[in-house]
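> After the sequence you'll find the predicted model.
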Amino acid sequence: MTKARIRYLLQCHALLWAGLCIVCVMSLGAILAPWLSTHNPLQLDLDAILLPPGPEHFFGTDTLGRDVFSRMLHGARVSLWIGFVSVGIAVCIGTTLGLIAGYFRGLIDECVMRFVDVMLCFPSFFLILAVIAFLEPSLTNIMIIIGLTSWMGVARLVRAETLSLRERDFVHAARLAGASSIRILLCHILPNAIAPMLVSATLGIAGAILVESSLSFLGIGVQHPLPSWGNILIEGKQTLGIAWWLSLFPGLAILFTVLGYNLLGEGLRDFFDPRIAR
Amino acid sequence: MPNPLVARVRALLIPISISAPFIPLLHRVRGRDLLPPLVAKILRKSSWFLLVFLGITLVSFCVIHLAPGSPSDLEITMNPLADAQVHKRLTEFYGLDKPLHEQYIAWLKRLLQCDFGNSMSSDGRPVIQKILERLPLTLWLNTTTLILTLLLAVPIGVMAARHRGGLFDKATTLLVFIGFSMPGFWLALLLMVFFSIELQWLPLSGLTSLDYASFTPWEKARDIAGHLALPVFIATFSSLAGMSRFMRASVLEVLRQDYILTARAKGLPERMVMFRHALKNALLPVITLLGLAVPGLIGGSVILEYIFSLPGMGQLFYNAVMARDYPLIMGNLVLGAILTLIGNLLADFCYSLVDPRIRAGINFHGTGE
């Protein structure tokens, strides 16, 4: 690869690269959290309450003297984990229903798409709020609920893609060769529908992280003592005007992570479908 | 003594609403149209809405009632004097001891008579009353936001699309991405610190100041405006991103069309092409987006109302969830569902109003969407 070619690639997909960089840095931080963190994120230190950022505590300490930097690194794990798992659930449901609806058409298609419409009509944040508050607000429950309420977009995308793919020659050829419906769906249609799925999954991770942090901020998300960016922000709200570092850093972390995934998603869309970008 | 006419209407409401979904099935009998096409279309649409409405309420009802814990549990654990006997009496009082389907049907019957039930909290007031006193603030907040968003997003989108790749386009794209990714509650915290604590320009939270009662009407208006300035700004900033991006894409799509080429080819000034030919068509998809924004008018501001302690619908819902006030939660969800459906209906209606192709019933896209 020549220098000119590399420069061209960088210029062409600036969004993609910017997003990728942010996502990589955040993911590395999350993966390496136990080694990067300077303190135990759960360790109380009553001699060091609400210390401003300094060489000992990079991002200061909270109302119980815990190191904010270490808590944020571990919070990154929680946020990313929730993002990935809930989007995984959403993609699984959405892809299955979308493939079935698009491939078999007719009554099945009608029923599935009507169901999607009903789900889209739900005042979803209300429902998520109610369900999470009623069930135990645990990590698993949050991931499942976010997953169960965000698969509709994927289902629509995959269905549209399947509708056009099923009329293509290679699908006809496969059917003539005697491939079963399941084989055609999994081996011939699914691999060709990956691109839009990937885009919508990436954007979905951004959305899931935002929902999780909002829930944690309302106090019904990830529960203490488990660190999460939303949790740290609650303390930021309580100490508003006294300890700016408790509000600033976790918010910036959420902003950058979500920004990274949004940029990556848009970049991927341009990458897979240059028609729109040009 | 109930009015006999009212009683008769109420008795009729239930069979009508049950049979409504099946009316459209009747519209074609032995290949003959029984109803004019427009009436049939409206009937089909409304019956579909009724089904969706039933679906939403059924699912919400089940989810809410099947979740562990109940309002009577909550009241008992708070009260050391209450024993199992009281618990049983409370459960019976709320009708929570009956099977779920009976509860749902009873609830639905009451809903058909516009009775949302009484709140399960200690004041026991009718749900509809509680909602109505919270509604104006939320509605006002979100309508202002929506109008501001539209007023800003349309010009931004058009400008960005017109000078694509230019400085303005790049700057707004950056702003859009930040707006997309900004957690609203965090922005709220930052602005609160800056404007309310550092500069002391704006009040910190709530709807009115402490000495509100002693103000003149002009001061009262200014006071409320000051309290609502930050929430409106934050809500606008968050929704502006999506709307202007959407507008930009829409204008770009239209600019690719042949009739724009024709308009330019016949020498029309760029301004004319932009506003006469492009903007009109580019505004079409915005209608759908506006329809989708209608439910947000009551539900979009849970977090902002929570942060700024504004006594609106979002705060009401949050408190209802925390207190497991079933009728109040269901009332909120029903209102949300109704608004969503009305939004969809309005969007459909406006679309066919402004787009002659849809009015004529011609489907250009081939699919049934």
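Happy to help now that I have it. Numbers count the residues shown, from 1 in each chain, chains lettered A, B, ... in the order given.

> What are the buried residues along stretch A:80-87?
A:80, A:82, A:83, A:84, A:85, A:86, A:87 (16 or more other Cβ atoms under 10 Å in any protein chain shown). (C-beta placed from N, C-alpha, C; glycine too.)

> Among these, which one sits closest to chain B?
residue A:83 (13.0 Å; Cβ to the nearest Cβ).

> mind checking how far residue B:125 is from residue A:130?
From residue B:125 over to residue A:130 the distance is 21 Å, taken as Cβ to Cβ, to the nearest Å.

> and the buried residues of stretch A:80-87, which of them are in strands?
Among the buried residues of stretch A:80-87, no residue falls in strands (DSSP state E).

> shaky segments in chain A?
Applying pLDDT under 70 to chain A flags the ranges A:1, A:123, A:274-278.

> so where's the longest helix in it?
Secondary structure of chain A per DSSP state H: the longest helix is helix A:68-104.

> Can you pull the phi/psi pair for residue B:151?
With angles defined as degrees, to the nearest 10, residue B:151 sits at phi -60, psi -30.

> Report the contact partners of it.
Residues counted as contacts of residue B:151 (Cβ atoms under 8 Å, 6 or more residues apart in numbering or on different chains): none.

> hmm, 10 Å instead?
residue B:236 (Cβ atoms under 10 Å, 6 or more residues apart in numbering or on different chains).

> How about the one 5 residues further on?
Residue B:156 is in contact with B:168, B:169, B:172, B:175, B:176, B:240, B:243, B:244, B:245, B:247, B:248, counting by Cβ under 10 Å, 6+ apart.

> Repeat that for residue B:251.
Going by Cβ under 10 Å, 6+ apart, residue B:251 touches B:154, B:157-162, B:164, B:274, B:278-279, B:281-283.

> got it, and residue B:321?
Counting by Cβ under 10 Å, 6+ apart, residue B:321 has contacts A:126, A:129-134, A:218, A:220, B:64, B:302, B:328-329, B:332.

> what comes up buried for the helix or strand hosting it?
For residue B:321, the host element (DSSP states H and E) is helix B:313-323. By neighbour count on 16+ other Cβ under 10 Å, the buried set for helix B:313-323 is B:313, B:314, B:315, B:316, B:317, B:318, B:320, B:321, B:323.

> is it true that residue B:103 touches residue B:70?
No. Using Cβ atoms under 10 Å, residue B:103 makes no contact with residue B:70, being 11.7 Å away.

> Check the contact lists of these two and give me the overlap.
What both residue B:103 and residue B:70 touch, as defined by Cβ under 10 Å, 6+ apart, is the set B:94, B:96, B:326.

> OK, contacts around the second one?
By Cβ under 10 Å, 6+ apart, the residues touching residue B:96 are B:65, B:70, B:71, B:72, B:73, B:90, B:103, B:120, B:326.

> quick check, it in a strand?
No. Going by DSSP: H, G, I helix; E, B strand; the rest coil, the assignment for residue B:96 is coil, not a strand.

> ok, so what distance separates the closest residue to residue A:105 other than its chain neighbours from residue A:99?
Leaving aside its chain neighbours, residue A:105 sits nearest to residue A:163 (7.9 Å; criterion: Cβ to Cβ, 6 or more residues apart in numbering or on different chains). Residue A:163 sits 11 Å away from residue A:99, going by Cβ to Cβ.

> Which of these two has more residues huddled nearby?
Counted by other Cβ atoms under 10 Å in any protein chain shown, residue A:163 and residue A:99 do not tie: residue A:99 has more neighbours, with 23 against 16.

> The more buried one contacts residue A:190, correct?
Yes. Between residue A:99 and residue A:190 there is a contact at 6.7 Å, judged by Cβ under 10 Å.

> what is in contact with those two at once?
In contact with both residue A:99 and residue A:190: A:158, A:161, A:162, A:165, using Cβ under 10 Å, 6+ apart.

> residues contacting the residue lying closest to residue A:71 once chain neighbours are set aside?
Nearest residue to residue A:71 in three dimensions, chain neighbours excluded: residue A:227, at 4.0 Å (Cβ to Cβ, 6+ apart). Counting by Cβ under 10 Å, 6+ apart, residue A:227 touches A:33, A:41-42, A:62, A:66, A:68, A:70-78, A:216, A:250.

> element containing residue A:227, please.
Using DSSP H and E, residue A:227 falls outside every helix and strand.

> Buried residues in the longest helix anywhere in chain B, which are they?
The longest helix of chain B (DSSP H) is helix B:217-255. Neighbour-count burial for helix B:217-255, with 16+ other Cβ under 10 Å as criterion, is recorded at B:223-224, B:227-228, B:230-252, B:254-255.

> Run through the stretch 1-150 of chain B and note the low-pLDDT ranges.
The stretch 1-150 of chain B contains residues with pLDDT under 70 at B:1-38, B:68-69, B:74-82.

> all helices for it, in order.
Ranges of helices within the stretch 1-150 of chain B are B:4-19, B:37-66, B:71-77, B:84-94, B:100-112, B:127-162, based on DSSP state H, counting those that start in this stretch.

> count of residues packed around residue A:37?
Neighbours around residue A:37, by other Cβ under 10 Å: 18.

> Who are the contact partners of the nearest residue to it once chain neighbours are set aside?
Of all residues not flanking residue A:37 in the chain, residue A:70 sits nearest, at 3.5 Å (Cβ to Cβ, 6+ apart). Applying Cβ under 10 Å, 6+ apart, we find residue A:70 in contact with A:33-34, A:36-43, A:57-59, A:61, A:227.

> By neighbour count, which of the residues you listed wins?
Highest neighbour count within the contacts of residue A:70, by other Cβ under 10 Å: residue A:61, with 28 neighbours.

> and that one, what is it in contact with?
A:39, A:44-45, A:47-54, A:67-71, A:243, A:245-246.

> Closest to residue A:203 out of the shared contacts of residue A:99 and residue A:190?
residue A:158 (14.7 Å; Cβ to Cβ).

> is it fair to say that closest one lies in a strand?
No. In this structure, residue A:158 is helix, not part of a strand, as judged by three-state DSSP.

> show me what contacts it?
Per Cβ under 10 Å, 6+ apart, neighbours of residue A:158: A:91, A:94-102, A:165, A:189-190, A:193-194, A:196-197, A:200.

> Tally up the residues packed near residue A:9, please.
13.

> Go ahead and confirm it touches residue A:17.
Yes. Counting by Cβ under 10 Å, residue A:9 does reach residue A:17; the two are 8.4 Å apart.

> still on that earlier bit, most neighbours per residue, which of the helices of the stretch 1-150 of chain B?
With neighbours taken as mean count of other Cβ atoms under 10 Å in any protein chain shown, the helices of the stretch 1-150 of chain B reach their highest mean count in helix B:127-162, at a mean of 19.

> now the angle from that helix to helix B:313-323?
Angle of helix B:127-162 versus helix B:313-323, following axes from the mean of the first three to the mean of the last three Cα atoms, to 10 degrees, is 130 degrees.

> I'd like the distance from helix B:127-162 to the chain centre, please.
The chain centre lies 10 Å from the centre of helix B:127-162; the measure is Cα atoms, centre = their mean, to the nearest Å.

> How much space separates residue B:98 from chain A?
20 Å (Cβ to the nearest Cβ, to the nearest Å).

> Could you tell me which residues make contact with the spatially closest residue to that residue that is not a sequence neighbour?
Leaving aside its chain neighbours, residue B:98 sits nearest to residue B:106 (7.6 Å; criterion: Cβ to Cβ, 6+ apart). Neighbouring residues of residue B:106 by Cβ under 10 Å, 6+ apart: B:95, B:98, B:117.

> got the contact list for the second one?
The neighbourhood of residue B:98, defined by Cβ under 10 Å, 6+ apart, consists of B:91, B:92, B:104, B:105, B:106.

> what about the helices in the stretch 151-278 of chain A?
A:152-165, A:169-176, A:181-183, A:194-217, A:229-238, A:244-272, A:274-277.

> among those, which is nearest residue A:121?
helix A:152-165 (10.1 Å).

> For residue A:96, give its distance to residue A:167.
Relative to residue A:167, and taking Cβ to Cβ, residue A:96 is found at 21 Å.
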